[in-house]
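A.B. asks: sequence first, predicted coordinates after that:
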Protein chains: 2
Amino acid sequence: MELSANSATVGPDGAGLGGELRSTVARLFRRFRAERPEGALGDTALEVLSRLQKHGPQTLTELSEHDRVSPASMSQSVDRLTSAGYAVRARDMHDRRKVLFSATPDGVELARTARAQRNSWLNARLNALSAEDRRTIARACTLLGDIADS
Amino acid sequence: MELSANSATVGPDGAGLGGELRSTVARLFRRFRAERPEGALGDTALEVLSRLQKHGPQTLTELSEHDRVSPASMSQSVDRLTSAGYAVRARDMHDRRKVLFSATPDGVELARTARAQRNSWLNARLNALSAEDRRTIARACTLLGDIADS
DNA sequence: ATAATTCTTTAGTATACCTAAGGAGTTCGA
DNA sequence: TCGAACTCCTTAGGTATACTAAAGAATTAT
């Protein structure tokens, strides 16, 4: 990883930053995935479960738009949740084209414990940084989240 | 519900910065992938090609360790490159268990143009930020790169 | 009532990762 | 020196996650 000098990564037009960012994100993503415990649900399924737990029942379209994924992909992901008993389908009574997904008690429990397990090494590393570095990362998350949504 | 030292910055069940970071990285990663032009090589293949172009011939093990991926996975990824004519295999003459991979002229050309295409969208958005925000992201890249390698 | 639209699912395909098991080459020790 | 142990790579089989295209089901508009 030749991150090298700031002058190289933050040039007059930010030319090299894009490639740098792409590569860093890809490696972090793989690293996160590699931390998954044996036999656990995948990243996507787990994030969906978290979302259902935090925000209540959601339709397929809402879920797929939040994750920027096609409805077909999301359908598959929630399928893994429902067939494992962590979420349930229910027809929306006001618009019966829609299907509302919600987490079961098992799902809520799994979401909590799995999230804690999966984030433990990450949180340990973040806590080893200075408060200022954590603020930098928090600020970058906000900026990058906006870019992801643009 | 203890309020120990780390709970101020990192939530008790990973709902704080760690969870935020994980979610942001996952969404950015998917967004990057979605920007891939039709019929192009996948992310992994392209990054391998870039690496071969920049650092010269490498063994499978070197490539797989750099990307934190099993040798078997890397073998598959490189297969796509060789069967498309963008890279070639060559037995290492000093240790004939090893296989050295190198980019062909076609591969070098593809790596350059594909990288430029794929980063144009991202660079445009980064350039729309303030210089300070770009510095924040550059700094976060360094911090996060270290975490990915830890 | 029929047509168009919206929401979800199914089917088929591709990328990218894994573990397990094997082949081929090298190194080391009896 | 010969075989055991080790290293490097590949193959085989499986999983997770994504896509497009097209079908199925419910709603809304004409």
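C.D. replies: Alright, I've got the coordinates.
A.B. asks: against B:Ser77, how distant is the residue nearest to the spatial centre of chain A?
C.D. replies: For chain A, the residue nearest the mean C-alpha position is A:Glu47 (5.4 Å; CA atoms, centre = their mean). To B:Ser77, A:Glu47 is 26 Å away according to CB to CB, to the nearest Å. Yep, even glycine has a C-beta here, placed from its N, CA and C like the rest.
A.B. asks: still on that earlier bit, on the three-state scheme, the residue nearest to the centre of chain A is what?
C.D. replies: Using DSSP: H, G, I helix; E, B strand; the rest coil, the secondary structure recorded for A:Glu47 is helix.
A.B. asks: what sits against it?
C.D. replies: For A:Glu47, the contacting residues are A:67, B:23, B:26, by CB atoms under 8 Å, 6 or more residues apart in numbering or on different chains.
A.B. asks: the inter-axis angle of the helix or strand where the last one lies versus helix A:17-34?
C.D. replies: Read it as B:Ala26. Using DSSP states H and E, B:Ala26 falls within helix B:17-34. Calculated by axes from the mean of the first three to the mean of the last three CA atoms, to 10 degrees, helix B:17-34 forms an angle of 120 degrees with helix A:17-34.
A.B. asks: quick check: the nearest residue to A:Tyr86 once chain neighbours are set aside vs A:Val88, distance?
C.D. replies: Distance criterion CB to CB, 6 or more residues apart in numbering or on different chains; nearest residue to A:Tyr86, sequence neighbours excluded, is A:Gly107 at 3.4 Å. Distance, A:Gly107 to A:Val88, using CB to CB: 9 Å.
A.B. asks: more neighbours: which of those two?
C.D. replies: A:Gly107 (24 against 16; other CB atoms under 10 Å in any protein chain shown).
A.B. asks: tell me the pLDDT at that one?
C.D. replies: Looking at A:Gly107, its pLDDT stands at 93.
A.B. asks: kindly report the same for A:Ala103.
C.D. replies: pLDDT, A:Ala103: 95.
A.B. asks: with the one 10 residues further on instead?
C.D. replies: Confidence per residue is given as pLDDT, and for A:Thr113 that number is 86.
A.B. asks: what about it, distance to A:Ser120?
C.D. replies: Taking CB to CB, one finds A:Thr113 at 11 Å from A:Ser120.
A.B. asks: and what of A:Asp106?
C.D. replies: 22 Å.
A.B. asks: so where do the strands sit in chain A?
C.D. replies: A:58-59, A:87-91, A:99-103 (DSSP state E).
A.B. asks: would CSV of the ones you listed with distance to chain B be doable?
C.D. replies: Listed next are the strands of chain A as CSV, based on distance: least, CB to the nearest CB, whole Å:
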stretch, distance to chain B
strand A:58-59, 16
strand A:87-91, 18
strand A:99-103, 15
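A.B. asks: among those strands, which is nearest B:Arg135?
C.D. replies: Nearest to B:Arg135 among these is strand A:58-59; the distance by CB to CB comes to 37.0 Å.
A.B. asks: helices or strands next to that closest one in the packing?
C.D. replies: strand A:99-103 (3 or more CB pairs under 8 Å, 6 or more residues apart in numbering or on different chains; DSSP states H and E).
A.B. asks: what's the angle between the strand it packs on and strand A:87-91?
C.D. replies: Relative orientation of strand A:99-103 and strand A:87-91, computed by the same axes, to 10 degrees: 150 degrees.
A.B. asks: list the buried ones in strand A:99-103?
C.D. replies: Within strand A:99-103, the residues scored as buried using 16 or more other CB atoms under 10 Å in any protein chain shown are A:99-101, A:103.
A.B. asks: helix or strand with the lowest mean pLDDT in chain A?
C.D. replies: Least confident element among the helices and strands of chain A, by mean pLDDT, DSSP states H and E: helix A:6-9 (a mean of 38).
A.B. asks: can you pull the contacts of A:Asp26?
C.D. replies: Heads up, residue A:26 is Ala, not Asp. A:Ala26 touches B:29, B:32, B:43, B:47, counting by CB under 8 Å, 6+ apart.
A.B. asks: next, the buried residues of the longest helix seen in chain A.
C.D. replies: In chain A, with assignment by DSSP state H, the single longest helix is helix A:105-127. Buried residues in helix A:105-127, counted by 16+ other CB under 10 Å: A:107-108, A:110-112, A:114-116, A:118-119, A:122-123, A:125-126.
A.B. asks: much appreciated, bye for now.
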